[in-house]
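> Okay, here's the prediction I keep looking at, along with the sequence it came from:
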Amino acid sequence: MVLVAAGQGTRIGGPPKQYRLLDGVPIVLRAVRQFASHPEVLQVALVLPPADAARPPAFLAGLAGGSVTLVAGGAERTDSVAAGLAALDPACAVVLVHDAARPFVTREVIDAVAGHARRGDGAVAALPLTDTVKEAAQDDPTRIARTVPRERLWRAQTPQGFPRALLLEAHALARESGLRATDDAMLVEACGGTVRLVPDSAGNLKITTADDLALAELLCRARP
């Protein structure tokens with residue numbers, strides 16, 4: 001699997017968000033443990049900023065080797081995922097991609113996403129939208145152009161899982177076409193692959209802002 005932790009987390013301020021502590025444990029380490037301890041995950045390609053991949057923080061240095069491989073990330077998220085893919089053992093026929101900034105992923109969701117990928121489809125952990133969705137006008141971002149029906153809308157999360165061959169094909173086509181995407185499911189969709197929705201929980205939050213970090217701290221304290 002590919003664990004993406006190559007961003008700088010500038011919106012949260014201070015050091016990269018993936019190295020922040022949650023109840024004394026770095027966020028990225030919490031995410032690594034969820035996959036490294038999974039009996040069906042053969043390898044974790046942990047994609048870091050290039051300088052950190054070369055000289056990892058002390059708490060990550062001891063992980064290198066065994067099932068965890070440290071990989072230098074690229075300029076964009078897609079580049080980082082591609083670097084992680086290239087570092088995986090050929091025996092990894094199914095690939096999961098996960099954001100290291102989501103430290104609370106559950107085993108049940110990992111298994112459900114991987115199950116779809118083993119059967120030949122892509123899969124995305126996701127949440128159905130519950131808020132009313134408004135689309136802003138193109139000429140005035142403060143004016144509502146329309147209310148978007150939410151009945152079939154989902155918010156994509158990670159992990160996302162794919163047959164390795166399908167994901168490699170999607171990345172290759174994206175490079176050829178210059179397609180820019182915010183997640184790997186979009187690349188697979190663009191090359192004609194089927195992607196399934198796996199219901200997830202709001203607890204699998206992505207830590208992006210200071211408010212997210214505060215909520216994650218509360219979740220840590222509430223967990224047994």
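Thanks, I have the structure now.

> Every contact and neighbour count from this point should use C-alpha atoms.
Will do.

> Quick one: residues in contact with the longest strand along the chain.
The longest strand of the chain (DSSP state E) is strand 154-163. Here strand 154-163 makes contact (Cα atoms under 8 Å, 6 or more residues apart in numbering) with 93-99, 102, 105, 109-110, 113-114, 116-118, 120-129, 184-185, 204.

> Filter the residues you listed down to the buried ones.
For those, a neighbour count by 16 or more other Cα atoms under 10 Å gives the buried set as 94-99, 102, 105, 109-110, 113-114, 116-118, 120-128, 184-185, 204.

> Strands - which of those residues land there?
94-99, 122-128.

> can you give me the helices for this protein?
Applying DSSP state H to the chain gives helices spanning 27-36, 50-54, 58-61, 77-87, 107-118, 164-177, 184-190, 210-222.

> burial count for the spatially closest residue to residue 71 that is not a sequence neighbour?
Nearest in space to residue 71, with sequence neighbours left out and distances taken as Cα to Cα, 6 or more residues apart in numbering, is residue 47 at 4.6 Å. A count of neighbours around residue 47, defined by other Cα atoms under 10 Å, yields 30.

> Residue 47 and residue 5 touch, don't they?
Yes - using Cα atoms under 8 Å, residue 47 and residue 5 qualify as a contacting pair, with a distance of 5.4 Å.
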